[in-house]
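Chemist: From the sequence below, what's the structure:
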Amino acid sequence: MPDPKQLSECLAAVTLSPNPLDDLFDPTKTPQDFLAFKDPDSRAYIRSRLVTPETVARLLAVLYRSGDTGRALAMLLDSNDTVLTDRFLSVIKAQLKVLAKETTCDTEWCNQLVFYLAVLLVLASLRAFRVQFLTLILPFATCGKAADRKRIHSHLAILVATFSDLTAELPNETHLEVQQHLELLIENSAESFADFSQLITLLGILFPVLPEPCRGIFLSGLFQAVIQHYYTGKASIAESSHKRMSLDVLSCFCEACADESCREVICSYSPVLWDMTDNAFREIRILATLILVKIQNESQKLEQERALKGQKVAGRMGQLYDMAITNVQAETGDYLGPANETLAYLTLIPRYRKQMRGNETLLEFWMGLLVNAVKETSVPDSSLLYGIVTILEKLSDIQEPVSADGKTKRFMEEYAKRAQTGVEEEREESTEQISAFNSGLLTRHQLVSIFTANTLMSRESISAAAKNSVAKIVYNIAWPVGDKATKHQIVIQGGLNLLIEYLLLYSDINAEGFTRSGSNARGDARLYALRALAKVLIANNPLLVFKKYAVLTVVPFLVELLGSSDSEELTALDGYEALLALTNLASLDDMSLKNTIVKRAFGRIYELLTTSPKEEMQTACLELLNNVITSPVCLEHFFDLDTPKTADSLRARLDYLLLQVDSENSRIQSIVLGLLINASEYEFISMLLAGEEKLARNLFSILTIQTEDQDLVMRVSYLLVNLAQSVQSDQAKLAKFKRILEPWKLDISGCIKAYSKDEEIVRNFLLVCRSLQL
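Modeler: This next block holds a predicted model:
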């Protein structure tokens, strides 16, 4: 970090204008906020002061002292101002060179410089920056005390990944630069412990972001020779006296396990890894156990080749499980993440999932970690939070696992497939048991409340991967069909708002208001969020649940779940549940809502109604139409009144309804009659229906054959009342309707006698008779 005294002296030598913003250039002061950077005039003044390397250094020192996270610098710099960007880069480079020469490195100041470098890199898009600058940055992986390096390792990984992305047109440039640096370290590692430490640390950092060059280095004979030198020599990585080196090597192995060839090499270290599971240091035990779990399948192959029996293999896996449980409950520090990661891999094996679900002590432990990890007043440990929710996602998962994006996820899925080798697995897990476990997560552990109490979805500090897992967990809990109590509890704990916030965060909305998966979304997780939304809305009274968001907010997402005829991901069940949820919403007395549903979804609803072979789907479509038919927009759409071919279309759709009145499914009959009753409130439709002899035949068929079905008889009576009243103003239509009904007078009389105790039915039929003088 620049010496404050020297900077103050430099500042005193410069004549400054009396401006409060000048405090930003005084490294002895610490501003409380950065409002000045939000004001264009203030930003312009600050830029005008940044004319020399000295003033740039002063500003960086002040930002560092104030704990800035990069937002002030991002607001200040104009991406088009390459001169100022160059000036910042030069100062940062000079400061890093000074730090590189110091025997005791200021880790925090170094970390801040590297972070500012990442901010500048994104803003400058490499216009004033070359990849060769990496050789200056990489050695800082071992800067300062080991315990203080976590943040700088994270920022180094981000910086290198950003380099790689921004040099996509020269894909080998970053790779080559990193590879050359690592190869140089290999050459010196046998003689220099410092170089070996930097080599192994950098491999652990860079393996996830630059797997190809790191894989080549790891598999090289030179690197393996260096590892063997420290493995078999005096400074054995198994000896507890070399704790730091052991942890660095194990961290590197953990990352290298993502590659199959590397796992096979790591298998040769199994004896020492097993020894390290008894090491005096808990951190070493945790990492050794994690690696052994990751390479267990490769180890099984080797053991099978040596003619070992499957029983022994299963026993060793059980031993690893026991060690993993002990490790996670004993750790309270930085290694909780790897300890939980071990269990995350073990959740891919059914018998260990079952054991974890039954371990109430472990579940309570995780809940306590979650509460602390998502506290709004703290900076969450992203890796720890993600590890826990990943485990809970697997434990609560009733459906078959869905492959996900990301190297770790893909490796874990591969691991699950390989885990079957040589081990006799248990029968398929019980859906009832998993549902009971999920119910406990909701009611006993209040899991959804933990997620929602701390505005988890709206916080940028919580990773997208963790939010994806949370959305899937809510779906898993909401999964049981017909369990309304669970869906009510999800709403009570804030789960509906959580799902809406997730979908708003990871959706793109076009000009017409239709939604689709955003570029930042994990496709399967977002789909599960849509499904969970529908399930929750089916089971809850829409009048009571929309407190934070308007009911219209969810309509586009339910319409999206309806899908289209060429949808590949969506299932018939998705469309069915979307229809039920929309039907429930449409029960509200809200014409704007009904119109929105019709405008956005009518085409798909009608397509499902007329093409689906399933009666359940047809019924759901008709129920929704029945709830929205009172909307003038729905009438226009259903009877196709606004197209040039209205007559043909109207005839086709009317014939469809008349056919359904005579359906063998009484539920469909009831819904269609309700739809016709609502539609007949409009005189145009009523007049049209009154002239349909086919309708009269089907109605009186109900009165003669289905006389005992009181609901149908009631609906027929109401429809006849509407039709009889509508023709009163037109003598010709009145005469025609009377002629159509004349043959059915006796059937009406029969219904009046049969339902003499039902005043409503009797009154309706008498009203029809009087209106038509039958």
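
Chemist: Assign a three-state SS to residue 513, would you?
Modeler: Here residue 513 is recorded as coil under DSSP: H, G, I helix; E, B strand; the rest coil.

Chemist: Phi, psi for it please.
Modeler: Note on residue 513: its backbone torsions stand at phi 90, psi 10 [degrees, to the nearest 10].

Chemist: how about the nearest residue to it once chain neighbours are set aside, what does it touch?
Modeler: In space, and not counting its chain neighbours, residue 513 is closest to residue 556: 5.7 Å by Cβ to Cβ, 6 or more residues apart in numbering. Bear in mind the C-beta positions are built from the backbone N, C-alpha and C, glycine included. Shown in contact with residue 556 (Cβ atoms under 8 Å, 6 or more residues apart in numbering): 509, 513-515, 600.

Chemist: I'd like to know the average pLDDT value across the host helix or strand of residue 556.
Modeler: Element membership of residue 556, judged by DSSP states H and E, is helix 555-562. The pLDDT scores in helix 555-562 average 95.

Chemist: Same check on stretch 161-170?
Modeler: Stretch 161-170 comes out at a mean pLDDT of 61.

Chemist: what does stretch 458-471 give?
Modeler: 87.

Chemist: Return the distance of it from the chain's centre.
Modeler: 7 Å (Cα atoms, centre = their mean, to the nearest Å).

Chemist: Extract the CA atoms of it and return them as CSV.
Modeler: Extracted C-alpha coordinates of stretch 458-471, given in CSV (Å, rounded to 0.1, in the frame of the first residue of the first chain):
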residue,chain,number,x,y,z
SER,A,458,-32.7,-10.0,-4.5
ARG,A,459,-29.2,-10.2,-3.1
GLU,A,460,-26.4,-10.1,-5.7
SER,A,461,-23.9,-11.5,-3.1
ILE,A,462,-25.7,-14.9,-3.3
SER,A,463,-24.8,-16.9,-6.3
ALA,A,464,-27.1,-17.8,-9.2
ALA,A,465,-26.2,-21.5,-8.6
ALA,A,466,-27.5,-21.3,-5.0
LYS,A,467,-30.7,-19.5,-6.1
ASN,A,468,-31.3,-22.2,-8.7
SER,A,469,-31.1,-24.9,-6.1
VAL,A,470,-33.4,-23.0,-3.8
ALA,A,471,-36.0,-22.8,-6.6
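
Chemist: Show which residues not belonging to that stretch make contact with it.
Modeler: Stretch 458-471 has contacts (Cβ under 8 Å, 6+ apart) with 374, 376, 379-380, 382, 385-386, 389-390, 392-393, 404, 406, 451, 456-457, 498-499, 501-502, 505-506, 520-522, 525-526, 528-529, 532.

Chemist: Out of the helices and strands in this structure, which is least certain?
Modeler: helix 4-12 (a mean of 45; mean pLDDT, DSSP states H and E).

Chemist: tell me what the following helix or strand past it is packed against?
Modeler: Using DSSP H and E, the helix or strand that follows helix 4-12 in sequence is helix 40-49. With contacts defined as 3 or more Cβ pairs under 8 Å, 6 or more residues apart in numbering; DSSP states H and E, helix 40-49 has these neighbours: helix 71-76.

Chemist: Now the helix it packs on: average pLDDT?
Modeler: 74.

Chemist: centroid residue for this structure?
Modeler: Nearest to the mean C-alpha position of the chain, by Cα atoms, centre = their mean, lies residue 468 at 2.3 Å.

Chemist: Could you pull up phi and psi at it?
Modeler: Torsion angles, degrees, to the nearest 10, at residue 468: phi -60, psi -40.

Chemist: Just the helices from the stretch 301-450 of the chain, written as ranges.
Modeler: For the stretch 301-450 of the chain, the helices defined by DSSP state H, counting those that start in this stretch cover 310-330, 336-346, 350-357, 360-373, 382-396, 407-418, 431-443, 447-452.

Chemist: Figure out which of those helices is closest to residue 741.
Modeler: Set against residue 741 and scored by Cβ to Cβ, these come closest in helix 431-443, at 54.3 Å.

Chemist: Residue ranges in the stretch 551-700 of the chain under the pLDDT threshold?
Modeler: Applying pLDDT under 70 to the stretch 551-700 of the chain flags residues 640-649.

Chemist: just to revisit the earlier point, which one of the contacts of residue 556 is nearest residue 728?
Modeler: For the contacts of residue 556, the nearest to residue 728 is residue 600 (37.8 Å; Cβ to Cβ).

Chemist: about what we covered before: how much space is there between the residue nearest to residue 513 and residue 631?
Modeler: To residue 631, residue 556 is 18 Å away according to Cβ to Cβ, to the nearest Å.

Chemist: Kindly report the same for residue 620.
Modeler: 18 Å.

Chemist: same deal with residue 616?
Modeler: From residue 616 to residue 631 the distance is 24 Å (Cβ to Cβ).

Chemist: same deal with residue 97?
Modeler: 71 Å.

Chemist: which of those two has more neighbours?
Modeler: Between residue 97 and residue 631, counted using other Cβ atoms under 10 Å, the more crowded position is residue 631 (22 against 10).

Chemist: Residue 112 against residue 64, yeah?
Modeler: Yes. Residue 112 is within contact range of residue 64, at 4.7 Å (criterion: Cβ atoms under 8 Å).

Chemist: Assign a three-state SS to residue 566, would you?
Modeler: From three-state DSSP, the assignment for residue 566 is coil.

Chemist: hang on, I meant residue 516
Modeler: strand.

Chemist: list the contacts for it?
Modeler: Residue 516 neighbours (Cβ under 8 Å, 6+ apart): 507-508, 510, 560.

Chemist: For it, name its beta-bridge partners.
Modeler: On the basis of DSSP bridges, residue 516 is bridged to residue 508.

Chemist: The stretch 101-250 of the chain: helices as residue ranges?
Modeler: Under DSSP H, counting those that start in this stretch, the stretch 101-250 of the chain gives helices at 107-124, 134-137, 150-166, 171-189, 193-206, 211-219, 221-232, 243-256.

Chemist: quick one: which of these is nearest residue 536?
Modeler: helix 150-166 (36.3 Å).

Chemist: for the stretch 251-400 of the chain, which spans come out with low pLDDT?
Modeler: 301-315, 376-381, 399-400.
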